[in-house]
Every structure is written in C-alpha cells, then in structure tokens.
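Engineer: coordinates only, sequence not included:
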Ligand code: ATP
Ligand code: ZN
Ligand code: MG
C-alpha cells in the first residue's frame, strides 16, 4: 500500500521532469525548477541563521579516508558507507580488466581503495579540520556547511536518496552553549516550515545503528534525547519524513577529535541538519508540482 503511494509520487516527479531517472534507485538528476526550490530554501536558511556569524566552509562530497576511519562510522553504520575505489594496476591488469568487462564478469573485484570515502554527513570532515587549529575560544565556534552526502540506502521512496544535499550548522563549546544552539534551531525550524506552509511535528529519534549492539546505542540515544527530528508527511502521513535533525553529541566528538576549549575542557558539539531534497519534496508534495501555482504566501517566503 505504502509502496504504491511512494512509487506514484516518484513517477509523478519523473513525469514532470523535476527528478530525472538514472536507472538507479535513489540517484536522480534534478531540473532547474527543483534546484530553484532548493536555492530559495537555502536563502531562507541564510535569513534565519545568517546573523549568527557562522564560518562558512564547503567541503566536497568526498572526505579523507583516515578521518572517516577515526570517526567510527564503520562501527555504527557499515551498511550505509560508500568507499571510492580505483584501478591501480599495470597494462596486464588492464587487459584482464577489459576481458572481464567483455565477458560480463565482475570487473570491480581488483579495484583498490583510494584515500577518499564519500561523505556520509556534511559535518564529518569538519571536526578534524577544526581540531588541527588548536583550542577553541571560550565563547565557542559556529560553522555553516553544505555538501552532497552519500548513503547506501537505495529506495523507491524519492525522499530516501543515495546522494543528497545536507545543509548543516555545527556548534562547538560548553554543554550549555551547544544545547541552547540546538534549542534555538528547533524553534527556528518550526518557524521556517510554518512560513512555507508545511505542517510539522518534532519528535525524539535515533540513528540507524547497525546490528544488535546498535539497538542499545539507539535506545540510549533516545533515552537521553540526543537526537530530535522535524517530521513532515511526504510519502506517508502515518510515517512522516525527517526533514531536519537536531543532534547533541555531548563531548563524544570533542573527545574523539581532541577538540578542547581554552580552559582545557573537552568541547561539547551539536549539529543541525536540513535535508534539502526532502524539504523540496515536502513542498512539492504539499503545494503541487508546479511551483508557479504555489500559494502566494509560500512564494513570497521563498522568493520575496
Ligand atoms: P532517516 O531517519 O530518514 O534515515 P536520518 O536520521 O538518517 O534520516 P540524519 O543522519 O539526521 O538523517 O541526516 C540529516 C538530514 O539529512 C535528515 O534529517 C534528512 O532530512 C536528510 N537525509 C538523511 N538521509 C537521507 C536520504 N537517504 N535521502 C535524502 N535525505 C536524507
Ligand atoms: Zn552533523
Ligand atoms: Mg537515515
């Protein structure tokens, strides 16, 4: 039942040209109109967050494999990771590679890992970068990030893509500083979504930790209210989609990466993420596939 609804929304997105089928579930091209919605929503984010003085950094969608390894991502989410592999052989190896392709055998088995892993969340490359700079000021630090992120979770649900953009604000400082930051973005999130005519709920959540040990991590994350999600119905009203998340890492990332405040204490961190494709899809689902026909108030909030 749910699948039918999902498939039909995806089909309508393909038919309208807003998303472009590549033959792989969760890997889509985007039309000018789709991109225009994302650009407009990012300007709305700028209007809410722009006066906070965040340092803007843009990383590409691949990160240093050594940093990825230190992050512990493979302990928690091995099923979602995407590594970049390349051909590193000689001419003989090349010939056998082409032979494999010719006869339809697996040509990828001899590909070798490179120093690059696809970024799983926009904030991952930030922590080691900031740690290298030395102690953080007592007043903390704030960063504005945006990156395409990869997660190996192929799906017919257009809101679950394998390569999608995440806009993030990341705050580092004392526990009070970063939890206040997270709280203020929860209020802003509600305000922003209301301004663009979307009905939302906010709920505690957990990350999709792998395996049996992961169940305990997920329960702990929920019990301690470390993750909240802002949910909007897209493909199902019974199971609304997380379009923003609000994450408090306590001092876990601070300890892992050696992020210290000037007084020597370990920094606490929090990040707030916007799923840009999901927000665009929520708008398209709610207001229709033709952005020109969206309610005047919504158009005004997005395009002025
Ligand atoms: P979900 O529970 O739906 O899998 P998540 O909890 O894994 O989402 P986060 O890790 O908190 O998501 O990522 C931050 C934001 O990025 C999410 O709130 C969502 O808006 C967006 N996002 C996450 N995964 C995807 C995906 N596969 N496709 C599109 N957007 C995504
Ligand atoms: Zn983050
Ligand atoms: Mg997920």
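Structural biologist: Good, I have the coordinates. All of these numbers come straight from a predicted model, not from anything done at the bench. Residues are numbered from 1 along each chain as shown. Ligands and ions are numbered 1, 2, ... in the order given.

Engineer: Could you use CA atoms for every contact and neighbour count after this?
Structural biologist: OK.

Engineer: For the stretch 51-200 of the chain, what lies in contact range of ligand 1?
Structural biologist: The stretch 51-200 of the chain comes close to ligand 1 at residues 159-162, 164, 166, as judged by CA under 6 Å from any ligand atom.

Engineer: Which one of the residues you listed is nearest to ligand 2?
Structural biologist: The shortest approach to ligand 2 among those belongs to residue 166, at 8.9 Å (CA to the ion).

Engineer: Could you find the closest non-adjacent residue to that closest one?
Structural biologist: Among residues not flanking residue 166 along the chain, residue 275 sits closest, at 5.0 Å (CA to CA, 6 or more residues apart in numbering).

Engineer: what do you get for residue 290?
Structural biologist: Closest residue to residue 290 apart from its sequence neighbours, by CA to CA, 6+ apart: residue 284 at 7.6 Å.

Engineer: A helix includes that neighbour, no?
Structural biologist: Yes - assessed by DSSP: H, G, I helix; E, B strand; the rest coil, residue 284 belongs to a helix.

Engineer: what's the burial count for it?
Structural biologist: With neighbours defined by other CA atoms under 10 Å, the count for residue 284 comes to 19.

Engineer: Next: residue 21.
Structural biologist: For residue 21, the number of neighbouring residues by other CA under 10 Å comes to 18.

Engineer: go on, the one 5 residues further on?
Structural biologist: Residue neighbour count, defined by other CA under 10 Å, stands at 22 for residue 26.

Engineer: how far away is the residue nearest to it when sequence neighbours are not counted from residue 263?
Structural biologist: Spatial nearest neighbour of residue 26, excluding adjacent residues (CA to CA, 6+ apart): residue 161 at 3.8 Å. According to CA to CA, to the nearest Å, residue 161 stands 42 Å off from residue 263.

Engineer: The two: which is more packed in?
Structural biologist: Taking neighbours as other CA under 10 Å, residue 161 and residue 263 compare with residue 161 leading, 23 against 10.

Engineer: Could you report the distance from the more buried one to residue 73?
Structural biologist: 19 Å.

Engineer: how about the strands in this protein?
Structural biologist: 19-21, 28-30, 55-57, 62-64, 83-86, 112-118, 141-150, 163-173, 201-204, 227-232, 241-248, 268-275 (DSSP state E).

Engineer: Put together CSV for those, with mean pLDDT on each row.
Structural biologist: Converted to CSV, the strands of the chain look like this (pLDDT from 0 to 100):
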stretch, mean pLDDT
strand 19-21, 98
strand 28-30, 98
strand 55-57, 98
strand 62-64, 98
strand 83-86, 98
strand 112-118, 98
strand 141-150, 98
strand 163-173, 98
strand 201-204, 97
strand 227-232, 98
strand 241-248, 98
strand 268-275, 98
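
Engineer: right, so of these, which gets closest to residue 42?
Structural biologist: strand 163-173 (8.1 Å; CA to CA).

Engineer: Strand partners (parallel or antiparallel) of that closest one?
Structural biologist: strand 141-150 (antiparallel), strand 268-275 (antiparallel) (DSSP bridges).

Engineer: of all these, which gets the most neighbours per residue?
Structural biologist: strand 268-275 (a mean of 24; mean count of other CA atoms under 10 Å).

Engineer: what does that strand rub up against?
Structural biologist: Outside strand 268-275, the residues within contact range by CA atoms under 8 Å, 6 or more residues apart in numbering are 123, 164-175, 178-179, 181-182, 185, 242-254.

Engineer: Out of those residues, which end up buried?
Structural biologist: Among these, the ones that count as buried by 16 or more other CA atoms under 10 Å are 123, 164-175, 178-179, 181-182, 185, 242-251, 253-254.

Engineer: mind listing what the residue in the stretch 101-250 of the chain that ligand 2 sits nearest to touches?
Structural biologist: Per CA to the ion, residue 123 is where the stretch 101-250 of the chain lies closest to ligand 2, at 4.4 Å. Contacts for residue 123 (CA under 8 Å, 6+ apart) come out as 145, 168, 170, 271.

Engineer: Over to residue 88?
Structural biologist: Contacts for residue 88 (CA under 8 Å, 6+ apart) come out as 111-112.

Engineer: And it, its phi and psi?
Structural biologist: phi -130, psi 20 (degrees, to the nearest 10).

Engineer: in the protein, which ranges drop under the pLDDT threshold?
Structural biologist: Residues of the chain that meet the criterion pLDDT under 70 lie in 1-7.

Engineer: So if we follow the domain assignment, how does it break up?
Structural biologist: According to the TED database, the chain comprises the domains 9-71+120-303, 82-118.

Engineer: Of those domains, which stretch is the most buried?
Structural biologist: domain 9-71+120-303 (a mean of 18).
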